[in-house]
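Enquirer: sequence plus predicted model, see below.
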Amino acid sequence: MGVEIQVEQLTKSFGRHAVWADVSLTLPAGEISVLLGPSGTGKSVFLKTLVGLLRPDRGSVWIQNQDLPRLSERRLYAIRRLFGVLFQDGALFGSMNIYDNVAFPLREHTRMSESKIRAIVGEKLEMVGLTGDEEKLPGQISGGMRKRAGLARALVLDPQIILFDEPDSGLDPVRTAYLNQLIIDLNQQTDATFLIVTHDINTARTVPDNIGLLFHGKLAMFGPREMLLSSTEPVVRQFLNAQRVGPIGMSEEKDASDLAAEEASGVRLPALPPIQRQLRPSDGGIRRAERPPGFWCRTHGVTPPPGSFTEPRPIQEVPL
Ligand SMILES: Nc1ncnc2c1ncn2[C@@H]1O[C@H](COP(=O)(O)OP(=O)(O)OP(=O)(O)O)[C@@H](O)[C@H]1O
């Protein structure tokens, strides 16, 4: 079972550059959360701060009653064992084949025998669909395969928290769809706590249990998927619907005159699109964190946009 992460008033800057301030949120144990935000708002910095690779200026990251930023290097090292991290490019060692890359954390952090290591590496490679590719070097496989190899490596120590930094960057829509299904299936199998940084709005709308949005140095909103997808808060609405009209401009925040001009021109955001059903495990089972479609809206008296939660239409086969 995954563990809860409680972030309180977290603040990070580099010199005079404030990245974000007073970020507070709880990543519920075993649930999938997505973190969104315009480029440069500090999503990767947030992941690195969670795992203790960067120290915040102030604030707390509570995991199992321990406040990460206050831990000694030795205790931090121990608690990092709870984490698996999938970095953007898979972060594989170019000179090692896929097998050795995936075996690396086991050889570094455990005293397991090579036969035990072989069993675990084989199991994780099978989970991500890379059985048979053990001997290949990272340079000999596609970007999508490198991501999956990076994921297998992130899984070998059976982490209770998995952080994904843009798992879908550089992938075509079909491979992104496969990866999203893999993420849902992995969450069902491991019950770990997932946090995914992504720019892919379709991923954000269909995969997570919770969504967070960083904007202009603050956490604009964090909460259940249906809460954000039905929100009319301007920043959330603009970002989750990938629109130009709204407070977010090309260089992050529009200035007052741009916003006033937009207002005067009478352009309005289009109606909220329907909320799609959340992606489900491929074996037809359920994830522990899964809720029935529309559950949050119903229990909070929110009327979802028309057409929400309808069953996807079966694809009609057209005779050639
Ligand atoms: N080690 C560092 N030293 C100084 N500044 C840094 C460091 N790491 C990140 N930054 C700065 O912090 C800001 C946030 O960077 P980050 O990579 O977290 O953004 P992001 O939201 O993940 O962006 P993108 O969506 O484009 O990947 C950027 O301005 C970046 O230059």
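Expert: Received it, and whenever you're ready, just let me know what you need.
Enquirer: give me the distance between residue 241 and residue 143.
Expert: 28 Å (CB to CB, to the nearest Å). To be clear about C-beta, it is placed using only N, CA and C from the backbone, and glycine gets the same treatment.
Enquirer: those two: who's more crowded?
Expert: Taking neighbours as other CB atoms under 10 Å, residue 241 and residue 143 compare with residue 241 leading, 17 against 14.
Enquirer: which bits of the stretch 1-150 of the chain sit near the ligand?
Expert: Residues of the stretch 1-150 of the chain lying near the ligand by CB under 6 Å from any ligand atom: 14, 19, 37, 39, 40, 41, 42, 43, 44, 45.
Enquirer: quote the end-to-end distance of stretch 94-101.
Expert: In stretch 94-101, first residue to last residue: 9 Å (CA to CA, to the nearest Å).
Enquirer: stretch 291-303 now?
Expert: Distance between the two ends of stretch 291-303: 17 Å, counting by CA to CA.
Enquirer: quick one: contacts of it?
Expert: Contacts to stretch 291-303, defined as CB atoms under 8 Å, 6 or more residues apart in numbering, come from residues 209, 224, 225, 226, 227, 230, 275, 277, 278, 304, 308, 309.
Enquirer: with stretch 112-131 instead?
Expert: Counting by CB under 8 Å, 6+ apart, residues outside stretch 112-131 touching it are 98-99, 102-103, 106-107, 133-134, 145, 148-149, 151-153, 155-156, 182, 186, 189.
Enquirer: on that earlier part again, can I get the contacts of stretch 291-303 in a markdown table with distance to residue 56 and neighbour count?
Expert: As requested, the contacts of stretch 291-303 are arranged in a markdown table below (distance: CB to CB, whole Å; neighbours: other CB atoms under 10 Å):
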| residue | distance to residue 56 | neighbour count |
| --- | --- | --- |
| 209 | 25 | 22 |
| 224 | 26 | 21 |
| 225 | 27 | 24 |
| 226 | 30 | 25 |
| 227 | 26 | 17 |
| 230 | 32 | 21 |
| 275 | 34 | 23 |
| 277 | 37 | 15 |
| 278 | 32 | 21 |
| 304 | 36 | 18 |
| 308 | 38 | 19 |
| 309 | 38 | 16 |
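Enquirer: picking up where we left off before, show me how to select, in PyMOL, the buried members of the contacts of stretch 112-131.
Expert: PyMOL command restricting those to the buried ones, with burial defined by 16 or more other CB atoms under 10 Å:
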select buried, resi 98+99+102+103+106+133+134+145+148+149+151+152+153+155+156+182+186
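Enquirer: would you map the helices across the protein?
Expert: For the chain, applying DSSP state H gives helices covering 43-50, 73-79, 98-109, 114-127, 143-155, 173-190, 201-206, 225-229, 234-240, 256-264, 295-299.
Enquirer: next, the angle helix 114-127 makes with the third one.
Expert: By that I understand helix 98-109. In this structure, helix 98-109 runs at an angle of 130 degrees to helix 114-127, with axes from the mean of the first three to the mean of the last three CA atoms, to 10 degrees as the basis.
Enquirer: does anything pack onto helix 98-109? Which helices or strands?
Expert: Applying 3 or more CB pairs under 8 Å, 6 or more residues apart in numbering; DSSP states H and E, we find helix 98-109 packed against helix 114-127, helix 143-155.
Enquirer: which of those helices is buried the deepest?
Expert: Of the helices and strands packed on helix 98-109, the one with the most neighbours on average (mean count of other CB atoms under 10 Å) is helix 143-155, at a mean of 24.
Enquirer: and the angle from that helix to helix 173-190?
Expert: If you take the same axes, to 10 degrees, helix 143-155 sits at 10 degrees to helix 173-190.
Enquirer: from the chain's centroid, how far away is helix 143-155?
Expert: 15 Å (CA atoms, centre = their mean, to the nearest Å).
Enquirer: so how far is residue 172 from the residue lying closest to residue 296 once chain neighbours are set aside?
Expert: Distances taken as CB to CB, 6 or more residues apart in numbering put residue 226 closest to residue 296, at 3.9 Å, once the chain neighbours are dropped. As for residue 226, its distance to residue 172 is 28 Å (criterion: CB to CB).
Enquirer: okay, the residue nearest the centre of the chain: pLDDT?
Expert: The centroid of the chain falls nearest to residue 196 when counting by CA atoms, centre = their mean (0.7 Å). Predicted confidence (pLDDT) for residue 196: 96.
Enquirer: pretty sure it sits against residue 164.
Expert: Yes: contact criterion CB atoms under 8 Å: residue 196 and residue 164 qualify, at 4.3 Å.
Enquirer: joint contacts of those two?
Expert: In terms of CB under 8 Å, 6+ apart, residue 196 and residue 164 are both contacted by the residues residue 183.
Enquirer: now residue 136. Nearest residue, chain neighbours left out?
Expert: Nearest non-adjacent residue to residue 136, counting by CB to CB, 6+ apart: residue 98, 5.5 Å away.
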